[in-house]
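Colleague: Here is my input; please provide its structure:
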Amino acid sequence: MWHTKIVAALALSLMVASTVPAQEAQWRELDQQSLKLYQQGKFGEAIQIGQRALEAAEAGFGPNHASVATSLNNLAMLYKSQGKYAEAEPLYRRSLAITEKALGPEHPYVAASLNNLAELYRARGKYAEAETYMKRSLTIREKVLGPEHQDTGQSLNNLAMLYVAQGKHAEAEPHIKRSLAITEKALGPEHPLVATSLNNLAEIYRMQGKYAEAEALYKRSLAIRDKEQGPEHPDLATSLNNLAVLYKSQGKYAEAEPLYRRSLEIREKALGPEHPDVAASLNNLGELYGVQGKYAEAETYMKRSLEIKEKTQGPDHPSVATSLNNLAEIYRVQGKYAEAEPLYKHSLTIKEKALGPEHSSVATTLDNLARLYRKTGKSDEASKLEERADKIKSQRQSR
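Modeller: Below is the predicted model:
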């Protein structure tokens, strides 16, 4: 997925007209400080500064000024990064309303706001709403900017990844291929955003089991990032990580491990030891050790990953729920049912609150907890969980 939230936020900031210099300077300083903290993974601090930026914009420019729309958008992005989707949604909506009123319903900045709101719905598993907003964003960009504009390619990419999230790979593939063609034409074949599109197409092939095609694209993406961004850039770490995921899915654990480790080293050096991306790398290494039966190593990495996520993203973030679920799985396969059960339950509580009770991720944890109950002789409880999980999955498939 392209990191369109920051791009759109910076684009929206261009809307600010000349106003009282001191007020604008204060607002811009707070806005940039908040974004810098976000990029460092310091989400809690970023939100505090983002709230101050919004207050400064409202006090200095009035409630319907373009700078207020920018601050609302940026603050919503920060809440989303912490899994606080309920707090993010009204901010995105207010930002969109201000932008539409100020610029009209078909302005490119409106398309950016629609895209960001769609991304929020995608994260919450509200795919129908996400698709509606993404398609409207794409329509605006095609009409106003043209069918071969870079932003049109971005919308196609994001729509494709929405289809991937739903397992609709056939629908996703032509969109991502068109996005790739647009990006290559607009920016050249070795631009980092081309590497992103190549990576996303590779993801589609990997999920379809087309491993040879996926590997070639992952390696091309990796080569671009190594050449254009350098051997210690976080985006290169992402490419290394994704190639490792491919090898792991094929059972090529010896090939996967050094890639995961190099990805972790780059992220720790570039982003710091407590960044969420570092936590993701630690989790992935833990999963790799888990599938090999190296449970002690798996537990060590997963616990460290969980600690970082809880500290940086907050205890109620969906990513924390994922780590809790994964650590519980390590305990379950070892027969440590007493340790696993409270982790599954905690994971389930977070997911239901953050994502809603009918999210596919909720069904995953329900199934895992049901397996535990089967093993411990709690058949009635297991059946209830399985029935609920099946209902969620059947509702998803019928949409």
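Colleague: Tell me where the model's unsure across this protein.
Modeller: 1-20, 396-399 (pLDDT under 70).
Colleague: Could I get the buried residue list for stretch 100-110?
Modeller: Buried residues in stretch 100-110, counted by 16 or more other C-beta atoms under 10 Å: 100, 103, 107, 108, 109, 110. C-betas here are computed from N, CA, C, even on glycine.
Colleague: need the contact list for the fourth one.
Modeller: When contacts are counted by C-beta atoms under 8 Å, 6 or more residues apart in numbering, residue 108 is found next to 11, 140, 141, 144, 145, 151.
Colleague: Tally up the residues packed near residue 89, please.
Modeller: Residues near residue 89, counting by other C-beta atoms under 10 Å, number 18.
Colleague: Isn't it up against residue 120?
Modeller: Yes. The pair residue 89 / residue 120 is scored as a contact, 6.1 Å apart, by C-beta atoms under 8 Å.
Colleague: Report the set of residues contacting both of these two.
Modeller: Common neighbours of residue 89 and residue 120 (C-beta under 8 Å, 6+ apart) are residue 76.
Colleague: re the thing from before, for the contacts of residue 108, which one is nearest residue 244?
Modeller: Closest to residue 244 out of the contacts of residue 108 is residue 151 (31.4 Å), distances taken as C-beta to C-beta.
Colleague: ok, back up a step: tell me which of the contacts of residue 108 fall in strands.
Modeller: Per DSSP state E, strands hold no members of the contacts of residue 108.
Colleague: Could you dump those residues into CSV and include neighbour count?
Modeller: Shown next, in CSV, are the contacts of residue 108 (neighbours: other C-beta atoms under 10 Å):
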residue, neighbour count
11, 17
140, 23
141, 25
144, 15
145, 15
151, 25
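Colleague: Out of these, which sit inside helices?
Modeller: 11, 140, 141, 144, 151 (DSSP state H).
Colleague: Now do the same contact list for the second one.
Modeller: Residue 140 makes contact with 106, 107, 108, 110, 111, 114, according to C-beta under 8 Å, 6+ apart.
Colleague: and what of the third one?
Modeller: With contact set as C-beta under 8 Å, 6+ apart, residue 141 has these partners: 108, 111, 149, 151, 152, 154, 155.
Colleague: now it, nearest residue through space, not along the chain?
Modeller: Spatially, and ignoring its direct neighbours in sequence, residue 141 is nearest to residue 152 (4.5 Å; C-beta to C-beta, 6 or more residues apart in numbering).
Colleague: is it true that that neighbour touches residue 142?
Modeller: Yes. The criterion here is C-beta under 8 Å, and residue 152 meets it with residue 142 at 5.4 Å.
Colleague: which of the two has more neighbours?
Modeller: Looking at residue 152 and residue 142 with other C-beta under 10 Å, you find the greater number of neighbours at residue 152, namely 26 against 17.
Colleague: Tell me the spacing between that one and residue 195.
Modeller: As judged by C-beta to C-beta, to the nearest Å, residue 152 and residue 195 stand 19 Å apart.
Colleague: Then residue 126?
Modeller: 29 Å.
Colleague: With neighbour numbers in mind, choose between the two.
Modeller: Comparing residue 126 with residue 195 by other C-beta under 10 Å, the one with more neighbours is residue 195, at 27 against 19.
Colleague: residues contacting the more buried one?
Modeller: Counted by C-beta under 8 Å, 6+ apart, residue 195 has contacts 220, 221, 222, 224, 225, 228, 235, 239.
Colleague: Okay, buried residues for the helix or strand containing it please.
Modeller: Using DSSP states H and E, residue 195 sits within helix 192-207. Judged by neighbour count using 16+ other C-beta under 10 Å, the buried positions of helix 192-207 are 192-206.
Colleague: now stretch 306-321
Modeller: 306, 308-310, 312-314, 316-321.
Colleague: What of stretch 43-61?
Modeller: 43, 45-47, 49-50, 52-54, 56-58, 60-61.
Colleague: burial of residue 394, as a residue count?
Modeller: Number of residues near residue 394 (other C-beta under 10 Å) recorded here: 10.
Colleague: how about it, what does it touch?
Modeller: Contacts of residue 394 (C-beta under 8 Å, 6+ apart): none.
Colleague: For it, give its distance to residue 360.
Modeller: Residue 394 is 11 Å from residue 360, by C-beta to C-beta.
Colleague: and what of residue 169?
Modeller: Applying C-beta to C-beta to residue 169 and residue 360 gives a distance of 15 Å.
Colleague: Likewise for residue 319?
Modeller: Here residue 319 is placed at a distance of 15 Å from residue 360 (C-beta to C-beta).
Colleague: The helix or strand harbouring residue 57 packs against which elements?
Modeller: Element membership for residue 57 (DSSP H and E) is helix 43-61. Under the contact criterion of 3 or more C-beta pairs under 8 Å, 6 or more residues apart in numbering; DSSP states H and E, helix 43-61 touches helix 21-39, helix 66-81, helix 295-313.
Colleague: now the buried residues of stretch 43-61 in JSON lines, with distance to residue 292?
Modeller: Compiled in JSON lines, the buried residues of stretch 43-61 are given as follows (distance: C-beta to C-beta, whole Å):
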{"residue": "43", "distance to residue 292": "33"}
{"residue": "45", "distance to residue 292": "38"}
{"residue": "46", "distance to residue 292": "37"}
{"residue": "47", "distance to residue 292": "39"}
{"residue": "49", "distance to residue 292": "43"}
{"residue": "50", "distance to residue 292": "42"}
{"residue": "52", "distance to residue 292": "48"}
{"residue": "53", "distance to residue 292": "47"}
{"residue": "54", "distance to residue 292": "48"}
{"residue": "56", "distance to residue 292": "53"}
{"residue": "57", "distance to residue 292": "52"}
{"residue": "58", "distance to residue 292": "54"}
{"residue": "60", "distance to residue 292": "58"}
{"residue": "61", "distance to residue 292": "57"}
